[in-house]
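**Q** would you be able to build a 3D model of this:
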Amino acid sequence: MLAAVCYAFIALRGPGGIPSVLEKQRVLRELERENAQLTREVDAETKRVHELRNDPQVIEKEIRDKLKLTRPDETTYIIKQQP
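**A** Numbering: from 1, shown residues only. Here you go, the predicted model:
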């Protein structure tokens with residue numbers, strides 16, 4: 001009986017015991033949160049790519065922002081940030 005109790009104690013406290021299982025569950029929850037965040041980012045980028053492929057106004061805005069271009073009737077103000 002004592003041997004069985006000792007074996008159970010060692011099995012539960014050992015490398016495959018309760019602390020190990022709890023750590024694996026914590027890591028799993030963390031990876032699931034990270035996966036959900038990455039899924040949201042992929043969805044946002046997919047939506048952006050779709051808009052860039054299909055909406056000429058979005059394409060024009062992107063080009064104008066990147067190249068800092070304006071239309072003839074627009075005025076652009078560039079405000080420098082203080083360090």
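**Q** looking at the longest helix belonging to the chain now, give me its mean pLDDT.
**A** Criterion DSSP state H: the longest helix present in the chain is helix 18-54. Helix 18-54 carries an average pLDDT of 94.
**Q** so which elements touch that helix?
**A** When contacts are defined as 3 or more C-beta pairs under 8 Å, 6 or more residues apart in numbering; DSSP states H and E, helix 18-54 packs onto helix 56-67. (Each C-beta comes from the backbone N, C-alpha and C, glycine too.)
**Q** what's the angle between the helix it packs on and helix 18-54?
**A** Angle, helix 56-67 to helix 18-54, by axes from the mean of the first three to the mean of the last three C-alpha atoms, to 10 degrees: 100 degrees.
**Q** next one: helix 56-67 to chain centre, how far?
**A** 26 Å (C-alpha atoms, centre = their mean, to the nearest Å).
**Q** how about the CA coordinates for it, as PDB?
**A** What follows is helix 56-67, C-alpha atoms only, in PDB (Å, rounded to 0.1, in the frame of the first residue of the first chain):
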ATOM      1  CA  PRO A  56      -9.700  52.600 -57.800                       C
ATOM      2  CA  GLN A  57     -10.200  55.200 -55.100                       C
ATOM      3  CA  VAL A  58      -8.300  53.100 -52.500                       C
ATOM      4  CA  ILE A  59      -5.500  52.600 -55.000                       C
ATOM      5  CA  GLU A  60      -5.300  56.300 -55.800                       C
ATOM      6  CA  LYS A  61      -5.300  57.200 -52.100                       C
ATOM      7  CA  GLU A  62      -2.500  54.700 -51.400                       C
ATOM      8  CA  ILE A  63      -0.400  56.000 -54.200                       C
ATOM      9  CA  ARG A  64      -1.000  59.600 -53.200                       C
ATOM     10  CA  ASP A  65      -0.100  58.800 -49.600                       C
ATOM     11  CA  LYS A  66       3.100  56.900 -50.500                       C
ATOM     12  CA  LEU A  67       4.400  59.400 -53.000                       C
END
